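**Q** just a sequence and a predicted model for now, questions to come.
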Amino acid sequence: MAATPIKPLMLLAIAFLASVCVSSRSDQENPFIFKSNRFQTLYENENGHIRLLQKFDKRSKIFENLQNYRLLEYKSKPHTLFLPQYTDADFILVVLSGKATLTVLKSNDRNSFNLERGDAIKLPAGTIAYLANRDDNEDLRVLDLAIPVNKPGQLQSFLLSGTQNQPSLLSGFSKNILEAAFNTNYEEIEKVLLEQQEQEPQHRRSLKDRRQEINEENVIVKVSREQIEELSKNAKSSSKKSVSSESGPFNLRSRNPIYSNKFGKFFEITPEKNQQLQDLDIFVNSVDIKEGSLLLPNYNSRAIVIVTVTEGKGDFELVGQRNENQGKENDKEEEQEEETSKQVQLYRAKLSPGHPVAINASSDLNLIGFGINAENNERNFLAGEEDNVISQVERPVKELAFPGSSHEVDRLLKNQKQSYFANAQPLQRE
Amino acid sequence: MAATPIKPLMLLAIAFLASVCVSSRSDQENPFIFKSNRFQTLYENENGHIRLLQKFDKRSKIFENLQNYRLLEYKSKPHTLFLPQYTDADFILVVLSGKATLTVLKSNDRNSFNLERGDAIKLPAGTIAYLANRDDNEDLRVLDLAIPVNKPGQLQSFLLSGTQNQPSLLSGFSKNILEAAFNTNYEEIEKVLLEQQEQEPQHRRSLKDRRQEINEENVIVKVSREQIEELSKNAKSSSKKSVSSESGPFNLRSRNPIYSNKFGKFFEITPEKNQQLQDLDIFVNSVDIKEGSLLLPNYNSRAIVIVTVTEGKGDFELVGQRNENQGKENDKEEEQEEETSKQVQLYRAKLSPGHPVAINASSDLNLIGFGINAENNERNFLAGEEDNVISQVERPVKELAFPGSSHEVDRLLKNQKQSYFANAQPLQRE
Amino acid sequence: MAATPIKPLMLLAIAFLASVCVSSRSDQENPFIFKSNRFQTLYENENGHIRLLQKFDKRSKIFENLQNYRLLEYKSKPHTLFLPQYTDADFILVVLSGKATLTVLKSNDRNSFNLERGDAIKLPAGTIAYLANRDDNEDLRVLDLAIPVNKPGQLQSFLLSGTQNQPSLLSGFSKNILEAAFNTNYEEIEKVLLEQQEQEPQHRRSLKDRRQEINEENVIVKVSREQIEELSKNAKSSSKKSVSSESGPFNLRSRNPIYSNKFGKFFEITPEKNQQLQDLDIFVNSVDIKEGSLLLPNYNSRAIVIVTVTEGKGDFELVGQRNENQGKENDKEEEQEEETSKQVQLYRAKLSPGHPVAINASSDLNLIGFGINAENNERNFLAGEEDNVISQVERPVKELAFPGSSHEVDRLLKNQKQSYFANAQPLQRE
């Protein structure tokens, strides 16, 4: 039951997908919590990277129902562009820091959005999009929840243009098909549309030179200030109204927090409030906990929540319970869950429904949570004045359920005047 | 095709989840029907018990789609209370006998219901509840269908208070977190809220003594008459109106039976008629068959029905069909299904869609059925005057489908004047 | 990237379900495309046959999400009848050629429909139906998509009447139950309703003789002209209105094609337009491509499409992409998918979302497609004037994404004046 510090700046990795099979024994004891280095780099060059958190090791059965959710972390330098591509997964993007212009293409339509910290948007599977970091100084950091539509748990991206390692969509076709499709001879098609062009047209030569000097993984490329301006000038901002447009971005903090006091704020957008999330049955929340404060012990009634620490340091306490033994089918992990609470060095966690958690901030802390099976989820607190289920227990039952008398229980419960967030180091009382 | 007697009073166990791997050959031949002793006792003391029917053995592939449904049987003596807890599963509770007060807690709300035989209610996952047997003399028997939300097929319960074998929710947290959460020093918290208190306050001493004398599994405890009265006085009864309140209990017999004659009655509540069942896509039915009567052969078009005998003795006949062989993947069980009809000693059965069943009561019989994939399910009878699909076959096709002529078929079908239920030993006719 | 000819008249088999494990290396390289001989004959006699395409070999993980879809091909001679039966699967039937009368029975209702080429209808699981070929000369060919409701990927049919190999529904019950159910003595029941009658009534003798001479698989039987007339006289035709009745047949070509020019026509009925398809979340399309024409490269954003060639010859080009390696879990098939495009002799294909396809007709071609996960699916073209996503890319991004300048890309894209379908052998241009 020791507290666990969370490393800053390794904050974008979400643990639940990490494999425990080669980690230390403490990780094996706690399948909920994982180190940040269990990810796979999909792309990387000097302009930025995309990391995919590893799918959870099938060895532990308790994550069966998360098989089809993946987390990705995207980071790019100022004035860069993530070239047009699409993936066979639905995405929820959340901007953690920086300023982006996201452009989403349909077959007969195009929409651009200027996104800032806290903006979120759903990107449907198979939709071509490109993402520019339009800021002059700050890195763009984006967190993505991906829900594959084709092969459970696996993502496949398709670039419009190609790289050495990944041919473009178009180059997959035969010459005959390409010539017929574009009504153009193949040499012209190859020169203009396909990768690795020898001769460059006079026009825009400097840009092409620059691109050829880039690492062969030219998925994230530099762009000029003028190009950024052209991309962002017609873009819409995230909706400030309480009803977001059906498919535009929404800010996680556009509505009042559902829980708030001087110790912390808890913002949540649920499917009931947002059409994009409704289709996916996911909620998204953003939680600030002030240094020296505590998110009081609580649990979700049915949602599984994937939590990422995006700023700051703190401790998680997750209460596991002894699993009902099912005979020789048991995993070793499940037996080890008998310990009541486990922490390791942490910046990501999976909160299972029914399992209470408390979070303690040793510096100002921000967390982003994705809640799966969101519909009708309830958050029940076990301490605090509001939303505290223990207070709802009737007097005769309090007498029987607890060692103390009903009167003593009530008196104890009143000691905590705060709700949701409280002082992590309160003065002692009698 | 011999009939099978059903043992009384072993009635609360539902078979479909039982493992066949160690049973006798007859069980192995019929994966639909199971003995009652294949359950796991979750709690037991002198006040009552909770039994979980075993998950079906994965060896037989035909129950794949039932992996995420579990059945539980609860039984408690008069004037006892099932202490507050929640489980990571949605439940449908059905009261088989006795009188209960069920209290359901939300974070900011509480509801109590007085339940009697035939009352049913959905308890959403993660909802704290406690259940009192408020009767002076009669045992309380409850049948539960559980649909886990976290790990398919597995249930985990969380007690507010603790036992020696299962620590409470709160004791899982560290001292620091508990002190901060409750703004109280740890000794006080431990004394009042956590288990196994040495010193007892003067007040209510007798109750505490009694509890300490109880078996360590103090999940079902004795309560006094006064406590029962306090719990039940503000409780609501199940709805007698045809539209039940959204979340209150509904009686399985509150509406007219869908089939009824002097031989039997068939009550059914479907998702269309009840919001709680709609979310789960489950119907619940209660069937009475008089001694010496027969539920005529019928099948469900798409629902899988889990049937429990709750009273009486009778015989089931289930018609299986030879499975289409798929090559070397076949299980032995599937090959053995080639026999057309199987019975063993039975008080529970799983009725697969398409497989006709007939039920024959050797004493007054009551059955409770849970139908999974309920939406748009149709029940088609193969004999009787009403709802008999064979009657719908057009004349030219009767000629071709049956050995007899269309005229002979019609004449035969008219011999049975009853619908749905009939005399199991009718007088012979010419 | 070579083109692949499609054999005519082996057109009714859909490939995606075929096992690759015993096929040639080229099949193993392309899990999308399968030979037509990988099917299982469920019934066959001189009147017709029913073939079930083999379930896909579990060895290749990429078809995991198709495990619960099966394709069947039905063919029968003029003046034959498929005897009454039901299956534990929902069906979408599509008439490929010929004229049928389909009769659908409920417990208290009956509906008959006269179906012709291009008519489609959903047949819910557990619904008894029979199907007559009412034409004098033409074979009836029907394509069925089946979605099992009981055991994933497995179908079980239940015949009202029996055959030597498959006892009827009724014969599964014991004599006692049958006598009680029908209130008739067993000898009479056996003589009139159950199979393999020794004595025949005088009336209709010739028909019975004829039937006994037939192969024991008497599931598809001959019928007389008078019987056909009786069956079809009260039948309804498919709806010509744009809103089809809730459960009646609808013609795939009853609405305007969504894409159409002199090179081809593309008709599609989506869940939004049809209640029967909405319940299943499937779309159905019918595509005509003229000889010497090409369906331009396009991909589906989220639907998986099972395509069957029903007439003609042509070539498919499917672009696969290198799969992201996940470590030692990879199948060999997945590694071999690294090649960008694969074809083999083909008349059926599975189109995965995100994977572009082009289809080239060497004779007038017709294809039927079933789209799974249809809701919100978008079809994006990569060439052509309309619905071409590449045209949507903004100027600065075109500069960066392609070797050519934005101006050059635009000029190239304008070369193709057609949309959706074009000339497969266009004149060369500068």
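**A** On my side now, so go ahead.
**Q** residues in contact with the closest residue to chain C within the stretch 1-150 of chain A?
**A** Closest residue of the stretch 1-150 of chain A to chain C, C-beta to the nearest C-beta: A:Gly126 (2.6 Å). Just so you know, the C-beta spots here come from the backbone N, C-alpha and C atoms, and that holds for glycine as well. The contact partners of A:Gly126, by C-beta atoms under 8 Å, 6 or more residues apart in numbering or on different chains, come to A:86-88, A:149, C:299-302, C:353-354, C:378, C:380.
**Q** of the residues you listed, buried ones?
**A** For those, a burial check counting by 16 or more other C-beta atoms under 10 Å in any protein chain shown picks out A:86-88, A:149, C:299-302, C:353-354, C:378, C:380.
**Q** nearest to chain B among the residues you listed?
**A** A:Val149 (21.1 Å).
**Q** state the pLDDT value of that closest one.
**A** According to the prediction, A:Val149 has pLDDT 91.
**Q** test my guess that it contacts C:Pro353.
**A** Yes: because the distance of 5.8 Å satisfies C-beta atoms under 8 Å, A:Val149 is recorded as touching C:Pro353.
**Q** spit out the residues that contact those two alike.
**A** With C-beta under 8 Å, 6+ apart, A:Val149 and C:Pro353 have common neighbours A:88, A:125-126, C:302, C:373.
**Q** just to revisit the earlier point, and which of the buried ones among the contacts of A:Gly126 is nearest C:Val309?
**A** C:Asn300 (18.0 Å; C-beta to C-beta).
**Q** need phi/psi at the residue nearest to the closest one when sequence neighbours are not counted.
**A** Spatial nearest neighbour of C:Asn300, chain neighbours left out: C:Pro353 (5.0 Å); criterion: C-beta to C-beta, 6 or more residues apart in numbering or on different chains. When read as degrees, to the nearest 10, the backbone of C:Pro353 gives phi -60, psi 140.
**Q** same question for the one 10 residues further on.
**A** When read as degrees, to the nearest 10, the backbone of C:Ser363 gives phi -140, psi 170.
**Q** thinking again about what came up before, which one among the buried ones among the contacts of A:Gly126 gets closest to B:Pro396?
**A** Sorting the buried ones among the contacts of A:Gly126 by how near they are to B:Pro396, with C-beta to C-beta, puts C:Asn300 at the top with 44.1 Å.
**Q** got the contact list for that closest one?
**A** A:126, C:351, C:353-354, C:371, C:377-379.
**Q** ok, 7 Å please
**A** By C-beta atoms under 7 Å, 6 or more residues apart in numbering or on different chains, the residues touching C:Asn300 are A:126, C:351, C:353, C:371, C:377, C:379.
**Q** pretty sure the third one contacts A:Lys151?
**A** Meaning C:Pro353. No: in this structure, C:Pro353 is not within contact of A:Lys151 by C-beta atoms under 7 Å, at 10.1 Å.
**Q** kindly state the beta-bridge partners for A:Leu140.
**A** A:Ser76 (DSSP bridges).
**Q** I figured it hits A:Gly98, correct?
**A** Yes: A:Leu140 is in contact with A:Gly98 according to C-beta under 7 Å; the separation is 3.5 Å.
**Q** more neighbours, these two?
**A** Each of A:Leu140 and A:Gly98 has its neighbours counted (other C-beta atoms under 10 Å in any protein chain shown); A:Leu140 has more, 26 against 21.
**Q** what's the pLDDT at that one?
**A** We have a pLDDT of 97 for A:Leu140.
**Q** ok so, going back, which residues are in contact with each of A:Leu140 and A:Gly98?
**A** A:Asn133.
**Q** count of neighbours near A:Glu291?
**A** 14.
**Q** before we move on, what about A:Lys191?
**A** Number of residues near A:Lys191 (other C-beta under 10 Å) recorded here: 18.
**Q** elements contacting the one helix or strand it maps to?
**A** Using DSSP states H and E, A:Lys191 sits within helix A:186-192. Packing partners of helix A:186-192 (3 or more C-beta pairs under 7 Å, 6 or more residues apart in numbering or on different chains; DSSP states H and E): helix A:175-182, helix C:406-413.
**Q** where does the closest residue to A:Gly172 other than its chain neighbours fall, phi/psi-wise?
**A** Among residues not flanking A:Gly172 along the chain, C:Val319 sits closest, at 3.2 Å (C-beta to C-beta, 6+ apart). Main-chain torsions, C:Val319, degrees, to the nearest 10: phi -90, psi 120.
**Q** where does whatever residue of the stretch 301-430 of chain A ends up closest to chain C land on pLDDT?
**A** Nearest to chain C, among the residues of the stretch 301-430 of chain A, is A:Glu375, at 17.3 Å (C-beta to the nearest C-beta). A:Glu375 is assigned a predicted lDDT (pLDDT) of 94.
**Q** what about it, distance to A:Ser301?
**A** 11 Å (C-beta to C-beta, to the nearest Å).
**Q** give me the buried positions along stretch A:177-195.
**A** Quick answer for stretch A:177-195 (16+ other C-beta under 10 Å): A:177-184, A:188-195.
**Q** min pLDDT across those residues, which one?
**A** Across those, the bottom pLDDT score, 69, is held by A:Glu195.
**Q** show me where the stretch 201-350 of chain A has its strands.
**A** A:220-222, A:236-237, A:250-251, A:259-261, A:264-269, A:282-289, A:293-300, A:304-311, A:314-319, A:341-342, A:348-351 (DSSP state E, counting those that start in this stretch).
**Q** any chance of the buried ones among the contacts of A:Gly126 in JSON lines, with distance to C:Leu72 too?
**A** Below are those laid out as JSON lines (distance: C-beta to C-beta, whole Å):
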{"residue": "A:Tyr86", "distance to C:Leu72": "34"}
{"residue": "A:Thr87", "distance to C:Leu72": "34"}
{"residue": "A:Asp88", "distance to C:Leu72": "28"}
{"residue": "A:Val149", "distance to C:Leu72": "26"}
{"residue": "C:Tyr299", "distance to C:Leu72": "27"}
{"residue": "C:Asn300", "distance to C:Leu72": "23"}
{"residue": "C:Ser301", "distance to C:Leu72": "28"}
{"residue": "C:Arg302", "distance to C:Leu72": "25"}
{"residue": "C:Pro353", "distance to C:Leu72": "24"}
{"residue": "C:Gly354", "distance to C:Leu72": "28"}
{"residue": "C:Glu378", "distance to C:Leu72": "29"}
{"residue": "C:Asn380", "distance to C:Leu72": "31"}
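**Q** quick check: A:Glu378 touching A:Ala303?
**A** No: counting by C-beta under 7 Å, A:Glu378 sits too far from A:Ala303 to count as a contact (9.1 Å).
**Q** by mean pLDDT, point me to the weakest helix or strand of chain A.
**A** helix A:332-336 (a mean of 33; mean pLDDT, DSSP states H and E).
**Q** what about A:Asn423, how many residues nearby?
**A** With neighbours defined by other C-beta under 10 Å, the count for A:Asn423 comes to 16.
**Q** so it touches A:Ser293, yeah?
**A** Yes: counting by C-beta under 7 Å, A:Ser293 is a contact partner of A:Asn423 at 6.4 Å.
**Q** one step back: separation between the residue of the stretch 301-430 of chain A closest to chain C and B:Pro148?
**A** From A:Glu375 to B:Pro148 the distance is 16 Å (C-beta to C-beta).
**Q** looking at these two, which is more packed in?
**A** Using other C-beta under 10 Å as the criterion, A:Glu375 and B:Pro148 rank with B:Pro148 on top: 21 against 16.
**Q** residues contacting the closest residue to the more buried one other than its chain neighbours?
**A** Once flanking residues are discounted, B:Pro148 sits nearest to B:Ala89: 4.3 Å by C-beta to C-beta, 6+ apart. Contact analysis of B:Ala89 by C-beta under 7 Å, 6+ apart lists B:125, B:146-149, B:155.
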